[in-house]
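[1] Give me coordinates for this.
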Amino acid sequence: MDELDRKISNLLAEDARRSLSDIGAAVGLSASAVNERIRRLAASGAIRKFTVDADPAAFGKPILAFVWIALAAEADEAGFRAFARSQATIAECHHVTGPWSYIVKVHVGSLPELEAFLSELKAARFIARSETVIALSSVVDGPFDPTEPRHV
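    All right, here's what the predicted structure looks like:
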């Protein structure tokens, strides 16, 4: 991956619907050359998907919470992972180091909905313990940008 690939990736991260000619004009390449680079980036796995950055609140999910999870000793870890992938409530699920097994990022419509999600985890006997943190606001929330440092 070279500097042009990084610039193209950043432009797509800002707006995945941006035209090939617009990207080409920004990086000094033809639309067909941009298309070939995007194809190679996708084939290599550097670009994993093209997506929409939707506002959860606009879809009735204004509450953002992070749930630290310690799996129960008898928990089926593969089952937990399959459960996590199947839940629309879970935006992200990460296997972590330290005293916790996983951290999940969830979007819910209400606190009772968050409580129901936690109850479902307990009923499935996945967790030994958990800790939930509710986000009050997000200072930085957006797509991964591998080349642009954040300036404060």
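[2] Tyr102 and Phe80, how far apart?
    Applying Cβ to Cβ, to the nearest Å, one obtains 8 Å for the distance of Tyr102 from Phe80. Any C-beta I mention is one placed from the backbone N, CA and C, and that applies to glycine too.
[3] and for the two, which residues touch both?
    Shared contacts of Tyr102 and Phe80 (Cβ atoms under 8 Å, 6 or more residues apart in numbering): Leu71.
[4] Enumerate every residue touching the residue of the chain most remote from its centre.
    When distances are taken from the C-alpha mean of the chain, Ser30 lies farthest, 31.3 Å away, according to Cα atoms, centre = their mean. Applying Cβ under 8 Å, 6+ apart to Ser30 gives the contacts Gly24.
[5] One more: the one 5 residues further on?
    In this structure, Asn35 makes contact with Leu20, judged by Cβ under 8 Å, 6+ apart.
[6] For the strand or helix carrying it, give the mean pLDDT please.
    When elements are assigned from DSSP states H and E, Asn35 belongs to helix 31-44. The average pLDDT for helix 31-44 rounds to 95.
[7] Tell me which residues of it come out buried.
    33-34, 37-38, 41 (16 or more other Cβ atoms under 10 Å).
[8] so how far is Ala78 from the most centrally placed residue in the chain?
    Taking Cα atoms, centre = their mean, the centroid of the chain lies closest to Glu92, which sits 5.2 Å from it. In this structure, Glu92 lies at 19 Å from Ala78, with Cβ to Cβ as the measure.
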